[in-house]
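[1] generate coordinates for the sequence data below:
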Amino acid sequence: MCLEFSEINNSIIRNLFYIYGKIIPKYADIFLNRKMAYDYLIESIKQFPNQVELSGKLERKKYSNIKVIDILDGLASIHIAQKK
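    Next up, the predicted model:
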């Protein structure tokens, strides 16, 4: 099982998250002096494979019965798989 941020399916929610990703590091800098940590978090979310890519990687690593459950239309996803 894997629970991670993922690719948002709904364009409106995706755009809101994009705006959030621009704003939250600035607030983290002002209030917490932790801008780099939040920049890293947002960048790591962007770099993580989306649902299709992660499912493909699991398949190539010999996992089967791959199921993907999107949470909040893909903001996060749960991948469930079994080793062959």
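
[2] okay, strands next: where are they in this protein?
    Shown for the chain, the strands assigned by DSSP state E span residues 2-5, 63-71, 76-83.

[3] and the helices in this structure?
    With DSSP state H applied, the chain shows helices at 11-32, 35-47, 51-60, listed in chain order.

[4] can you tell me how far the spatially closest residue to Ser64 that is not a sequence neighbour is from Cys2?
    Leaving aside its chain neighbours, Ser64 sits nearest to Lys84 (5.0 Å; criterion: C-beta to C-beta, 6 or more residues apart in numbering). The way it works is simple: take the backbone N, C-alpha and C, and place the C-beta from them, glycine included. Lys84 sits 17 Å away from Cys2, going by C-beta to C-beta, to the nearest Å.

[5] show me which of the two is the more surrounded one.
    Cys2 (12 against 9; other C-beta atoms under 10 Å).

[6] low-scoring stretches of this protein, by residue?
    Of all residues in the chain, none has pLDDT under 70.
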